[in-house]
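Novice: Give me a model of this one.
(chains A and B)
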There are 2 protein chains.
Amino acid sequence: MTAAPDLTSAPREDGVDAAVAAARRVIESLLRAGGSSTAEMDRIADQLNSVADHLDEHAPERDQRMVDMWAREDFTRHDPVTGPENAIAPPLHLTARADGSVRGVLTLGLPYQGPPGHVHGGISALLLDHALGVANHRAGLPGMTAELTLRYHRPTPLFEPLTVTARQVAADGRKIRTTGAIEARGEVCVSAEGLFIAKYLPRPR
Amino acid sequence: MTAAPDLTSAPREDGVDAAVAAARRVIESLLRAGGSSTAEMDRIADQLNSVADHLDEHAPERDQRMVDMWAREDFTRHDPVTGPENAIAPPLHLTARADGSVRGVLTLGLPYQGPPGHVHGGISALLLDHALGVANHRAGLPGMTAELTLRYHRPTPLFEPLTVTARQVAADGRKIRTTGAIEARGEVCVSAEGLFIAKYLPRPR
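Specialist: Here you go, the predicted structure:
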């Protein structure tokens, strides 16, 4: 058995990926904290602002950063679903399957909560829109979302493994049809159908 | 002219909201950083892990935190779209308008990027799903998303003010129909139609 090919960037153990993984811990811990005192939280705000100040001092201008970020082959490093450099990404890691589909497993915590103990419907939409896009890349014909329909079959649980799958099902000229689903405990929680158009925005230069 | 009634929690200047605002800066700065050295990033990872460790030491157990978070009247403080306690939320702040709709204005930065220089289609879906839900609350008949259709009319720009609006348009028994849109420069970028069902998950006790 060979390893499934990666379609998203696997996080590294050090460097910016480690800092981003730590930032994800901070996001979750701030939601968990609840009853900390105002003084305590003000001290934590100072520490976090000091980290941001330090990073900003050494960062390139935004326009330059945009050029750099899109010049790289591994442009999957910064998106809000799979990006190891983006702390709002869970991150979801997707691999290619032999049948042409893509698949990933993830567990979501408190930052992604909608109804009590369950995943926010909009977060499921975010995961599926992205997975459908990756399935289009995997099929060799990517595009931009024109229409996306999500059906919510049952609540999607937090704190449990979720399986995200997607597959390009048809392409007719520039129109692409792609489907996907999020499953928990072997049952479909959310399914998605997308119409994509094979067009692309220019990369910043 | 009286102020429009708040439908989401306005962030406070201190306490956990200030710490969360600082965490948002860290998320953005990490994406901006680009070329920082591995050693430098490892040092930042240590600082952020130390903040998370400290918060975790003093945090209640997860189950207890879930009970507390949902026992409060201001349960809009922790969601991933409007929550001042949730660093992945931009946050979007929505107010009620006299015509029955809800409205908010926000500007999105690098963490929310999909195509170059533009908002991720799934992030637009997340904002709209949530805004439709708040419009249902505002109408006095909330529900859970059963089906959501998004139409992408033109790319949604980053770094520019976006106006998010939503309105409950019909209710027939437990079936609720709600629409919304994201506009930039006076033009609709994304529109949404949702079918919601008036049912609710129990709050943790």
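Novice: now the helices for chain A?
Specialist: Under the criterion DSSP state H, helices of chain A are mapped to A:15-33, A:38-58, A:62-71, A:121-138.
Novice: And these, which one averages the lowest pLDDT?
Specialist: Sorting the helices of chain A by mean pLDDT places helix A:62-71 lowest, at a mean of 89.
Novice: Next, the angle from it to helix B:16-33.
Specialist: Between helix A:62-71 and helix B:16-33, the angle comes out at 60 degrees (axes from the mean of the first three to the mean of the last three C-alpha atoms, to 10 degrees).
Novice: For helix A:62-71, buried residues please.
Specialist: A:65-66, A:69-70 (16 or more other C-beta atoms under 10 Å in any protein chain shown). C-beta: built from backbone N, CA, C; applies to glycine.
Novice: May I see the residues you listed organised as a markdown table, with distance to residue B:59 added?
Specialist: Converted to a markdown table, those look like this (distance: C-beta to C-beta, whole Å):
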| residue | distance to residue B:59 |
| --- | --- |
| A:65 | 34 |
| A:66 | 37 |
| A:69 | 34 |
| A:70 | 39 |
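Novice: Out of the residues you listed, which are close to chain B?
Specialist: A:65-66, A:69-70 (C-beta under 8 Å from any C-beta of the partner chain).
Novice: Looking at these, which is nearest residue A:11?
Specialist: Set against residue A:11, the nearest of those by C-beta to C-beta is residue A:69 (16.8 Å).
Novice: wait, that closest one sits on residue A:78?
Specialist: Yes: under the criterion of C-beta atoms under 8 Å, residue A:69 makes contact with residue A:78 at 5.7 Å.
Novice: Next, work out how far apart the spatially most central residue of chain A and residue A:8 are.
Specialist: By C-alpha atoms, centre = their mean, chain A has its centre lying nearest to residue A:81, at 0.7 Å. For residue A:81, the distance to residue A:8 equals 8 Å [C-beta to C-beta, to the nearest Å].
Novice: Find the residues that touch each one of those two.
Specialist: A:91-92 (C-beta atoms under 8 Å, 6 or more residues apart in numbering or on different chains).
Novice: what's around residue A:5, how many residues?
Specialist: Residue A:5 has 10 neighbouring residues, counting by other C-beta atoms under 10 Å in any protein chain shown.
Novice: measure it to residue A:161 for me?
Specialist: Counting by C-beta to C-beta, the gap from residue A:5 to residue A:161 is 21 Å.
Novice: Same question for residue A:13.
Specialist: For residue A:13 relative to residue A:161 (C-beta to C-beta), the value is 22 Å.
Novice: which one of the two has more residues nearby?
Specialist: Comparing residue A:13 with residue A:161 by neighbour count (other C-beta under 10 Å), the higher total belongs to residue A:161, at 12 against 8.
Novice: Pull the most distant pair out of the ones next to chain B among the buried residues of helix A:62-71.
Specialist: So, these by C-beta to C-beta: farthest apart are A:65 and A:70, at 9.7 Å.
Novice: can stretch A:115-128 be found next to chain B?
Specialist: Yes: applying C-beta under 8 Å from any C-beta, one finds stretch A:115-128 touching chain B at A:115-118, A:120-123, A:125-128.
Novice: residues in contact with residue A:159?
Specialist: Residue A:159 makes contact with A:107-109, A:117, according to C-beta under 8 Å, 6+ apart.
Novice: Which of the residues you listed are buried? Put it as a ChimeraX command.
Specialist: Here is the ChimeraX selection string for the buried members of the contacts of residue A:159, based on 16+ other C-beta under 10 Å:
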select /A:108,117
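Novice: could you dump the contacts of residue A:159 to TSV with pLDDT?
Specialist: What follows is the contacts of residue A:159, written out as TSV (pLDDT from 0 to 100):
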residue	pLDDT
A:107	98
A:108	98
A:109	97
A:117	95
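Novice: of the contacts of residue A:159, closest to residue B:185?
Specialist: Proximity of these to residue B:185, judged by C-beta to C-beta, is greatest for residue A:108, which lies at 34.2 Å.
Novice: From chain B, how far off is the closest one?
Specialist: Here residue A:108 is placed at a distance of 10 Å from chain B (C-beta to the nearest C-beta, to the nearest Å).
Novice: Next: residue A:165.
Specialist: Using C-beta to the nearest C-beta, one gets 16 Å for the distance from residue A:165 to chain B.
Novice: for residue A:53, same thing?
Specialist: Applying C-beta to the nearest C-beta to residue A:53 and chain B gives a distance of 8 Å.
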